[in-house]
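This is a predicted model, with the sequence first.
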Amino acid sequence: MGKEGKKQIRGIKIQSMNYAMIAAAAVLYVILIYATIQASVRYRRMMDATEDYILCEKDAALVREGSDYLTEQVRLYTMTMEPEYMEAYFEEKNVTRRREQALAELGGYRTSQEAYEYIHKALDNSNRLMEREIYAMRLIAQAKNYDLDSLPEEVQNVVLLEEDERLSSEEMIASARNLVFDYGYQSAKELIATNTEIFLDAIMKWTRDRQMESASSLEAIMGRQRICISILFVLNTITFILVIVLIVKPLQIYINCIKAEKQLEITGSYEFKYLALTYNDIYEVNAANEILLRHKAEHDPLTGVINRGAFEHMKQLLKTTADPLALLIIDVDKFKLINDGYGHEVGDKVLKKTAKMIQEGFRARDHVARIGGDEFAVIMTNCTEELRPVIQEKIDAMNQKLQNPDDGLPKVSLSIGIAFSDSGFPDDLYKKADSALYIVKENGRCGCHFYDEND
Ligand code: GH3
Ligand code: MG
């Protein structure tokens, strides 16, 4: 098969398969890596949402604590009238500022705007309550006749209502206590607590929404990762199967073919099929060359029958066999005269014709060889002396034909010496046949003689 034939080979190319697998694996790996990054981002978001919630809760607690602390200090002040409580109150209001700091911190977090407004409202409520508290403190200071200059500016700046100015000290104290203990104060406090609660509820809901969103997209990403891993597994399995089908199996088959000295089976990938076809081409050419060379080495180029070398080889092979055989040595009579009279070319033609005739005259299993210039030998396998008349007949027929040529070639005749062997080709068989031939040559040629011990 030539190049054209090889072009028509159908099969998967290992190279193409490799490229396809590498490309598919690369795409899947990129998707997987991207999905992993996405998963980390979603996970981080979930963590952030939880962290934000904790911080919001802490800050909401700070707002409430700050407000409660102010309430506690103002109430203690109105009850005990000890200045230290007023100092503690203003320390919280102006220096510690837990509520403001908590709110400032909340502004920095990723919080829901809606929730943020509630905590802001809580702070506004707390601030509005402070006006009432400071007014209460001013009433106490007024009732106790404290030096106004020693009091915080906010207290100094309070302008008492006219009806309060007219109150007695006890009434003022009672009014101050009433301001920070009455129902209105309590409701305002509850409003602060409610707004803080609403804030926390809103933050909780917001956090849960963020977590749910991140969790569901995390779930989707994990799903995609599972699909990618499954596809990778399938691809790997396909690759393994293809390697077995396209490479491993064909190699085993090829090795077996080579061991059996057979042509290679056309199987496996495109490359293997190409290799097998090329090998088979070479194999065929080699086999043909071998046949040709062996034929050349064993055959006579002029007549086409086996040559002397092959005849000797055959003698060796038959030496130890058990079958009976006959050896005929055939020589063309006065052949020199043909050469001299008609030329060498005619001589060759006569030799060719003689060889052909001998070959056609004997059985296919008999071996005809050219063992000299005008000398031939026939080994008749499985032949006993019983066949003498048959042999005689054959020889007579051949001589008859050669003596009456119808092809324009000169007349010739053959002299033949024959010897039999009961088993194989003994060493002296040739000599016997040759001596029988000599007898024919001595006795007028054109005929045959069977070797006889008594000759
Ligand atoms: P005899 O009857 O005693 O055999 O006489 P003969 O002339 O045939 O003598 P011999 O067998 O010795 O001669 C063989 C001749 O065959 C000698 C040689 O020139 C000739 N010869 C050998 N090989 C070839 C060949 O290939 N072609 C031709 N044309 N002649 C050959
Ligand atoms: Mg001769």
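Perfect, I can see it now. Ligands and ions are numbered 1, 2, ... in the order given.

Sort out which residues of stretch 406-418 are buried, please.
Within stretch 406-418, the residues scored as buried using 16 or more other Cβ atoms under 10 Å are L409, V412, S413, L414, S415, I416, G417, I418. From N, CA and C alone the C-beta is placed, and that goes for glycine too.

and the second one, which of the three is it?
Three-state call for V412 (DSSP: H, G, I helix; E, B strand; the rest coil): coil.

coming back round to it: show me which of the buried residues of stretch 406-418 is closest to N289.
L409 (35.1 Å; Cβ to Cβ).

where does the closest one fall, helix, sheet strand or coil?
coil.

and the nearest residue to L264 once chain neighbours are set aside, what does it touch?
Counting by Cβ to Cβ, 6 or more residues apart in numbering, L264 lies nearest to A276, which is 3.9 Å off, once chain neighbours are set aside. Residues in contact with A276 (Cβ atoms under 8 Å, 6 or more residues apart in numbering) are P250, Y254, L264, E265, I266, T267, G268.

Can you tell me the element I330 falls in?
According to DSSP states H and E, I330 maps onto strand 325-332.

is ligand 1 contacted by that strand?
Yes. For strand 325-332, a contact with ligand 1 is found by Cβ under 6 Å from any ligand atom, at D331, V332.

Who does that strand pair with, and is each partner parallel or antiparallel?
Paired strands of strand 325-332, with direction, are strand 375-381 (antiparallel), strand 414-421 (antiparallel) (DSSP bridges).

how about CSV for those strands, with mean pLDDT added?
Formatted as CSV, the strands paired with strand 325-332 follow (pLDDT from 0 to 100):
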stretch, mean pLDDT
strand 375-381, 97
strand 414-421, 98
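
As a markdown table, the ones you listed with distance to ligand 2 would be great.
As requested, the strands paired with strand 325-332 are exported to a markdown table (distance: least, Cβ to the ion, whole Å):
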| stretch | distance to ligand 2 |
| --- | --- |
| strand 375-381 | 7 |
| strand 414-421 | 8 |
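
for A369, phi and psi?
Note on A369: its backbone torsions stand at phi -130, psi 150 [degrees, to the nearest 10].

Now do the same contact list for the nearest residue to it once chain neighbours are set aside.
Of all residues not flanking A369 in the chain, F311 sits nearest, at 3.7 Å (Cβ to Cβ, 6+ apart). F311 is in contact with H367, A369, I371, A377, I379, counting by Cβ under 8 Å, 6+ apart.

what do you get if the cut-off is 6 Å, keeping everything else the same?
A369, I371, A377 (Cβ atoms under 6 Å, 6 or more residues apart in numbering).

Residue of the stretch 151-300 of the chain nearest ligand 2, please.
At 16.1 Å from ligand 2, D300 is the closest residue in the stretch 151-300 of the chain, using Cβ to the ion.

okay, now the residue of the stretch 351-455 of the chain found nearest ligand 1: neighbour count?
Nearest residue of the stretch 351-455 of the chain to ligand 1 (Cβ to the nearest ligand atom) works out as G373 at 2.3 Å. When neighbours are counted by other Cβ atoms under 10 Å, G373 registers 12.

do D59 as well
26.

so where's this structure uncertain?
1-7, 109-111 (pLDDT under 70).

State the distance from the most centrally placed residue in it to Q113.
Note on the chain: the residue nearest the mean C-alpha position is T239, at 3.5 Å, using Cα atoms, centre = their mean. Per Cβ to Cβ, to the nearest Å, T239 is found 54 Å from Q113.

what's the answer for F425, then?
118 Å.

Show me which of those two is the more surrounded one.
Neighbour totals were compared for F425 and Q113, and F425 leads with 19 against 8 (other Cβ under 10 Å).

Surely the more buried one is in a helix?
No. Per three-state DSSP, F425 lies outside any helix segment and is coil.

can you count the residues close to the residue lying closest to it once chain neighbours are set aside?
Closest residue in space to F425, ignoring its immediate chain neighbours: L318 at 3.9 Å, by Cβ to Cβ, 6+ apart. Using other Cβ under 10 Å, L318 has 20 other residues around it.

host element of L318?
Here L318 is assigned to helix 308-319, by DSSP H and E.

Can you tell me which residues in the stretch 251-400 of the chain are near ligand 1?
Residues of the stretch 251-400 of the chain lying near ligand 1 (Cβ under 6 Å from any ligand atom): 302, 331-336, 339, 344, 347-348, 351, 373-374.

Ligand 2 next: which of those are close?
D331, V332, F335, D374 (Cβ under 5 Å from the ion).

Neighbour count added to those residues, as JSON lines?
As requested, these are exported to JSON lines (neighbours: other Cβ atoms under 10 Å):
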{"residue": "D331", "neighbour count": "23"}
{"residue": "V332", "neighbour count": "22"}
{"residue": "F335", "neighbour count": "17"}
{"residue": "D374", "neighbour count": "20"}
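
so which of those residues would you say is closest to R166?
D374 (172.7 Å).

out of everything not next to it in sequence, what's closest to K394?
Closest to K394 by Cβ to Cβ, 6+ apart is G361, at 4.9 Å.

any idea how far A310 is from the one you found?
20 Å.

The two - which one has more neighbours?
A310 (20 against 17).

From what I see, that one and E298 are in contact.
Yes. Under the criterion of Cβ atoms under 6 Å, A310 makes contact with E298 at 3.9 Å.

Let's see the strand or helix carrying I258 as CSV, backbone CA atoms only.
For I258, the enclosing helix or strand under DSSP H and E is helix 249-259. Extracted in CSV, the C-alpha atoms of helix 249-259 (Å, rounded to 0.1, in the frame of the first residue of the first chain):
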residue,chain,number,x,y,z
LYS,A,249,-3.9,-3.4,23.0
PRO,A,250,-2.5,-2.7,19.6
LEU,A,251,1.1,-3.0,21.0
GLN,A,252,0.2,-6.4,22.4
ILE,A,253,-1.3,-7.5,19.1
TYR,A,254,1.7,-6.2,17.2
ILE,A,255,4.1,-8.1,19.4
ASN,A,256,2.1,-11.3,18.9
CYS,A,257,2.1,-10.7,15.1
ILE,A,258,5.8,-10.1,15.1
LYS,A,259,6.4,-13.2,17.2
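
How about the secondary structure of G373?
At G373 the chain is in coil, as set by three-state DSSP.
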